[in-house]
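J.: Got a predicted structure plus its sequence, pasted below:
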Amino acid sequence: MSLRRIYTEGAEVLKKVSHPVTNFDRRLHILLDDMRETLKHADGVGLAAPQVGILRRIVIVSDENQKILELINPEIVSREGEQTAFEGCLSVPGRYGMVKRPMTVQVKAYNRNGVLYTATGTGITARAFCHEIDHLNGVLFTNYTDQLYTPDEVNKILGEDGKE
Ligand code: NI
């Protein structure tokens, strides 16, 4: 396994639409293993293949139990409710924005062996599913908000909320 470089905002690869995966082969498995290591190293919640420069429809998401879900050619099949919270991205380091997302999202995707499955995410996992699938369509969370905050500003805002 090896760490992959994470591209940051401004890189052309982050603005493009990724292509479906057609071969569930060893090359895919190596990429997924590298993405897992890269996500863990960066201490993130999710990572999409275009973030490491690969225009393929592949994302990984760490769920509430820190279990890594591998989603290949993922599609959102249902959305329920809504939540608004601070969101960040490994490709937009040090900046956060408030983004509205569904509270619960159901996705269908293939696993690394080409088997179709369904996963349901709530809260931060639902947010991560939406955020990572957006990457496959060249969309960053900064497309939804112009108001970006530093980590210090986020802590201050959340801290003030906590005192109410
Ligand atoms: Ni991201």
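T.: That came in fine, so what should we check first? Residues are numbered from 1 along each chain as shown.
J.: how about the nearest residue to Thr122, chain neighbours excluded?
T.: Distances taken as C-beta to C-beta, 6 or more residues apart in numbering place Thr104 nearest to Thr122, at 4.8 Å, with adjacent residues excluded. Just so you know, the C-beta spots here come from the backbone N, C-alpha and C atoms, and that holds for glycine as well.
J.: where in the protein is pLDDT low?
T.: Applying pLDDT under 70 to the chain flags residues 161-164.
J.: does the residue nearest the centre of it sit in a helix, a strand or a coil?
T.: Nearest to the geometric centre of the chain sits Glu132, at 2.8 Å (C-alpha atoms, centre = their mean). Under the three-state scheme (DSSP: H, G, I helix; E, B strand; the rest coil), Glu132 adopts helix.
J.: What distance do you get for it to Arg95?
T.: Glu132 is 18 Å from Arg95, where distance means C-beta to C-beta, to the nearest Å.
J.: beta partners of the spatially closest residue to the residue nearest to the centre of the chain that is not a sequence neighbour?
T.: Of all residues not flanking Glu132 in the chain, Val59 sits nearest, at 3.8 Å (C-beta to C-beta, 6+ apart). Beta-bridge partners recorded for Val59 (DSSP bridges): Ala48, Leu71.
J.: Quick check: Val59 vs Leu116, distance?
T.: In terms of C-beta to C-beta, Val59 sits 16 Å off from Leu116.
J.: the more surrounded of these two?
T.: Neighbours per residue (other C-beta atoms under 10 Å) separate Val59 from Leu116, with Val59 holding more: 29 against 10.
J.: For the more buried one, give me its contacts.
T.: 46-49, 71, 74, 132-133, 135-136 (C-beta atoms under 8 Å, 6 or more residues apart in numbering).
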